[in-house]
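> Fold the following, please.
(one chain, ligands or ions: 1)
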Amino acid sequence: MSGDSILTVDRLSMRFGGIVAVNDLSFGAGRRKITALIGPNGAGKTTVFNCITGFYKPSDGTMRLQHEGGAEIRLERLNDFRISKQAKVARTFQNIRLFPGMTALENLMVAQHNALMLASGLTFLGLIGAPSWRTAEKRAIDLAKLWLERIGLIDRADDAAGNLPYGDQRRLEIARAMCTEPALLCLDEPAAGLNARESAALSELLLSIRAGQGTSILLIEHDMSVVMEISDHVVVMDYGVKISEGTPQQIRDDPKVIAAYLGADEDEAIAVMESGT
Ligand SMILES: Nc1ncnc2c1ncn2[C@@H]1O[C@H](COP(=O)(O)OP(=O)(O)OP(=O)(O)O)[C@@H](O)[C@H]1O
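Numbering: from 1, shown residues only. The predicted model follows:
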């Protein structure tokens, strides 16, 4: 892709024994843009996310993250902890991974654990209530409340996350990732299981994150209405390789993309084609 990329994936491959889940894949994710990674089931999308976020060490290839005005970070050389802390890459998962027994506010505080631990001087300063700790704690609470406001859950701050409606839990997960103040936010099927109203709220939230925080977003999504509405750039995978990329309109009209979906699943193919009508 042309322009300013925050992430450049170059010739990425991931093999599991005889299975080639990702094969020589190259693409870029634009800074302050929403890039969607789509493709039929089993295309290799989550494996790409697992490589970018350090859950897997790729078999081959490089993944370069460029902070604005900063040094280039080679993600394939870091573990998941360093990728989140140093490269400031945050992610959500296909299945909700909140702490269900903790309140909505507590879930957002836990996300800021690293910053709080640092301010506590690894517990000592926190124990004696040093000003640096109190400032950091106040900042963490303010940030958590800000995100609860942004996702419309401030009135449910003290409710257990597990008791919230499914769509609210999905947005809470995104808020939790945003509390780490990421440069790149990776979302794995955030619209899965949402109804039309909840999907629209999700699209609105992601557009507001791009516009407000200027966070770059990499999105895996099967809900084509969300992909077509909010993506700046779409990368299409099938059987581990990139078969197409471009704007949502270019993708929608690409016969290779339609053929891939037709070959995979009738419902998905209909969704891609209907998204253009
Ligand atoms: N840890 C693993 N061990 C072995 N094979 C794996 C592993 N992870 C993924 N695969 C295989 O890699 C291929 C790509 O899987 P992946 O989950 O990345 O696809 P996907 O595009 O995310 O699919 P979906 O849309 O269904 O989530 C599949 O054939 C899958 O079975």
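> Quick one: low-confidence residue ranges for the stretch 151-277 of the chain.
The stretch 151-277 of the chain contains residues with pLDDT under 70 at 262-277.
> where along it do the helices fall?
166-178, 196-212, 224-230, 248-252, 255-264, 266-274 (DSSP state H, counting those that start in this stretch).
> Which positions in this structure make contact with the ligand?
By CB under 6 Å from any ligand atom, the residues of the chain that approach the ligand are 16, 19, 21, 39, 41, 42, 43, 44, 45, 46, 47. (Glycine included, C-beta is placed from N, CA and C.)
> What count of nearby residues applies to residue 220?
Using other CB atoms under 10 Å, residue 220 has 23 other residues around it.
> close enough to count as contact, it and residue 50?
No: using CB atoms under 8 Å, residue 220 is not in contact with residue 50; the gap is 11.0 Å.
> from the middle of its chain, how far away would stretch 7-18 be?
Here the centre of stretch 7-18 is set off from its chain's centre by 19 Å, with CA atoms, centre = their mean, to the nearest Å.
> Number the chain from 36, please
In the new count, where the first residue is 36, that last one comes out as stretch 42-53.
> what is residue 64 paired to in the beta sheet?
residue 42 (DSSP bridges).
> So what's the predicted local confidence for it?
With respect to pLDDT, residue 64 has a value of 97.
> Could I get the contacting residues of it?
Counting by CB atoms under 8 Å, 6 or more residues apart in numbering, residue 64 makes contact with 36, 40, 41, 42, 70, 219, 251, 253, 268.
> Name the nearest residue to residue 110, sequence neighbours excluded.
Once flanking residues are discounted, residue 110 sits nearest to residue 98: 4.1 Å by CB to CB, 6 or more residues apart in numbering.
> which residues of the protein fall in strands?
40-51, 54-65, 69-73, 95-101, 107-109, 124-126, 219-223, 251-255, 268-273, 276-281 (DSSP state E).
> coming back round to it: and the residues of the chain next to the ligand, which two are the farthest apart?
Greatest spacing in these, by CB to CB: 51 and 74 (17.6 Å).
> Looking at those two now, which is surrounded by more residues?
Using other CB under 10 Å, the more surrounded residue of residue 51 and residue 74 is residue 74, with 26 against 10.
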